[in-house]
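S.K.: Sequence first, predicted coordinates after that:
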Amino acid sequence: MPTVLLRRASRADDLPQRHLTIRYIAALSTIAVLAILGYGVERIRRPRASDAQLIVMAARQRMLGQQITKAALAAVSATSSAQRDHYLTELEDSTDMLRDSHEVLRFGDEEQSIPAEDDPETLEMYERVEAHLNALLAEARTLAQSAREAPLAPLPPSGDPRTRLLAAETIFMESANDLVRRYADTASAHVRSSDDIQLTLTVALLGVLLLQGAFVFAPAVRHVRTTILALKDTQATLARLAAIVESSGDAIAGTSLTGDVQTWNRGAELMFGRTAAEMSGKSIASVLRPQSVDLVHESLARVRAGEPVAPLDAVATDAHGKRIDLSLMMSPISTADGAMTSLSIIGRDITDRVQAQKMKSEFVSFVSHQLRTPLAGIKWMLELAAESPDLSSTAGEYVADARASADRLIDLVNDLLDVSRLEEGRLTIAPQKVHLDEMTRSLIAELDGLVQQKSITLVYVSRGDLPEVIVDPQLMRQALANLMSNAIKYTPAGGHIDLVLEHDGDAVRWRIRDSGIGIPTSSQARLFEKFYRADNALIIHTEGTGLGLYLVRLIVTQFGGGIRCESEEGKGATFVVTLPAAEVAA
Amino acid sequence: MNTPPHRVLIIEDDRFLRRACEASLQKQGFAVTTAIDGEAGIEAVKRERPDLVLLDLLMPKVSGVEVLRAVKEDADTRAIPVVILSNSSRAEDRSEVMTLGAVSYLVKANLSLRELGAYLTGLLEKTT
């Protein structure tokens, strides 16, 4: 039972586990791919480091434009030539710096990792900035020139180059502002697109996690729950089984394949007066009496060989030396895949039964002896009386009847004795090869008187070359004689009996058919029971002990044979005995 | 019929069986002496030296088995054939007496006196 349960559970477990593992790996891989993808996109689309630098440089251009304007204005307004020269130098420096930074913005600079501008719109803006820059520089230069030529001279109020410079500066500043704005816009666009990608990836990741929850985690939880329930179930079953084993009055031991005790139930502790701890690791033979040790080892060997083993009677001793008669049932314990791992030995205390049987047997033996002695006296006295010459013919008939009764009584006692011994297996049996044909012929000769007396026609046919059978000749003779006497007894005067002995595959078949009253179908099933007599047998007042057929069955089965009856009421009866042929049985 | 009759000693404690057996065997031409128990039986064997002993097994005081043992242990009587006539058909009893040297083991109730006489005649004629 528990092995079946466990097997079913483990088989059901395999598939979902594999599925879940595959799904889990798939989910993890997807997450990994998304993470790598996110990193890659981040790398590619990250807002460029140069963006900030570009903005700074563009802003610096504005500042340089203002500085140029300031320097030119300051130069023409200088109060000394030194001051003027200073401003002119500043003007030139600023002009160079503006030019340089313009070149960098326009064509890029590898040292500062600023790429060349390739956006056509921005390039167009550069062109504009450049034009305004040139205009600004031209005005600045004009102003610087006039500062050099006519230092410290007041400037004419109209057409003043200072006004023109300021106007050029304003225009330049506007276009430079546009450029700065442009760079700022590009940078924030970069940031925005990067955010979008991050968001998409995060959403995808959450999706994968959700799917994982639905298709991996939820089924896994379900699976774990089912498994736990199945395990609890199994545990409960095992606990119940363990409780049965523990509460059993029988001694139940689990042993290794060699018969060393592994488990020892309460019943065993009580029966043998030895605790489980004491017995652990000890051979089961340690509780057996010497006469049983070999028998038990033989049976265990047969269990190991996978053969079916019938319960074995054995004798054991408890801790106080008391004799215990046991019926031992031994069976293999195997795992689900069929490997034998240990043995189970169940011992039932049959001491009382054995004792009762022994008493019964002794009683039957005693009674038989006690009955047979006076019966022999009667038999012999009547025999003497029958031979007495001064016996009247009437008295002679009475004596003859009395002798027949005495013989019947002796037969009954003999049958009882045989049955009792056969049942207990106490009858000494000497099986040997026997020719059933010879035995049958000798029985026919012996019973000829009775057959003649009732004018019965007895036909015996022995077919073919018949093998011998292995039986105890005396017992088998008794069995066949019983069947033949029955046939004669139940066949009316003038009837006929057919006896056939033939080969039947690996067996020899002995068949007797009478033309008697037959046996009702209702009685046939019980025919071979002890003390059973068919209803119609009682009606015709035939004598019988109800032991004959029972004894026949006991004897025939003793030698591996069988007996059956085929009959219909009023149409005679056929009894068929089959016995294994000697070559096969041997 | 010049040959002397075969001398048979019956050792049997049951009065009726002893009497019936004695009467029948005498009628069948045997010279019969009887002993009523084991003790008397052993003495009778030594005294009479019969041709054959019919011996019951279950007897008070000295059992048939002990009688048989005594007969077989004594060199003078060892050769006398002993037929066991018992009503026990226990296999142990049978094998015990056969081992001790009994000729055969017969069950009284299953035997008529005529059959017994015929059997003993056959046995004695074979041995002499």
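M.R.: On my side now, so go ahead.
S.K.: Enumerate every residue touching the residue nearest the centre of chain B.
M.R.: For chain B, the residue nearest the mean C-alpha position is residue B:54 (0.9 Å; C-alpha atoms, centre = their mean). Going by C-beta atoms under 8 Å, 6 or more residues apart in numbering or on different chains, residue B:54 touches B:8, B:9, B:10, B:11, B:12, B:21, B:83, B:85, B:120. C-beta: built from backbone N, CA, C; applies to glycine.
S.K.: What's opposite residue A:512 in the beta bridge?
M.R.: residue A:499, residue A:575 (DSSP bridges).
S.K.: How much space separates it from chain B?
M.R.: For residue A:512, the distance to chain B (C-beta to the nearest C-beta, to the nearest Å) stands at 24 Å.
S.K.: got it, and residue A:362?
M.R.: For residue A:362, the distance to chain B equals 10 Å [C-beta to the nearest C-beta].
S.K.: Count the neighbours of that residue for me.
M.R.: 10 (other C-beta atoms under 10 Å in any protein chain shown).
S.K.: mind checking which helix or strand it is in?
M.R.: Assigned by DSSP states H and E, residue A:362 falls within helix A:351-387.
S.K.: Please identify the buried residues of that helix?
M.R.: A:351, A:354, A:357, A:364-365, A:368-369, A:371-373, A:375-385 (16 or more other C-beta atoms under 10 Å in any protein chain shown).
S.K.: among these, which are within reach of chain B?
M.R.: A:365, A:368-369, A:372-373, A:375-377, A:379-381, A:383-384 (C-beta under 8 Å from any C-beta of the partner chain).
S.K.: I'd like those written out as a markdown table, with pLDDT and distance to residue A:310 added.
M.R.: Output for those, formatted as a markdown table (pLDDT from 0 to 100; distance: C-beta to C-beta, whole Å):
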| residue | pLDDT | distance to residue A:310 |
| --- | --- | --- |
| A:365 | 74 | 27 |
| A:368 | 76 | 29 |
| A:369 | 78 | 33 |
| A:372 | 89 | 35 |
| A:373 | 89 | 39 |
| A:375 | 92 | 38 |
| A:376 | 93 | 40 |
| A:377 | 93 | 44 |
| A:379 | 94 | 42 |
| A:380 | 95 | 45 |
| A:381 | 94 | 49 |
| A:383 | 94 | 47 |
| A:384 | 93 | 52 |
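S.K.: ok, the residues you listed vs residue B:100, which is closest?
M.R.: Nearest to residue B:100, judged by C-beta to C-beta, of those is residue A:369 at 19.9 Å.
S.K.: Just give me how far stretch A:291-302 sits from the chain centre.
M.R.: From the chain centre to the centre of stretch A:291-302 is a distance of 32 Å (C-alpha atoms, centre = their mean, to the nearest Å).
S.K.: cool, stretch A:287-301 as well?
M.R.: Using C-alpha atoms, centre = their mean, the offset of stretch A:287-301 from its chain centre is 34 Å.
S.K.: hmm, back to that, counting by contacts, list what the helix or strand just after the helix holding residue A:362 packs against.
M.R.: Next helix or strand after helix A:351-387 toward the C-terminus (DSSP H and E): helix A:393-424. Under the contact criterion of 3 or more C-beta pairs under 8 Å, 6 or more residues apart in numbering or on different chains; DSSP states H and E, helix A:393-424 touches helix A:351-387, helix A:548-558.
S.K.: Let me know which of these is the nearest to residue A:456.
M.R.: helix A:548-558 (18.5 Å).
S.K.: Flag every buried residue along that closest one.
M.R.: Neighbour-count burial for helix A:548-558 flags A:548, A:549, A:550, A:551, A:552, A:553, A:554, A:555, A:556, A:558 (criterion: 16+ other C-beta under 10 Å).
S.K.: can you state the direction angle for it and helix A:393-424?
M.R.: 40 degrees (axes from the mean of the first three to the mean of the last three C-alpha atoms, to 10 degrees).
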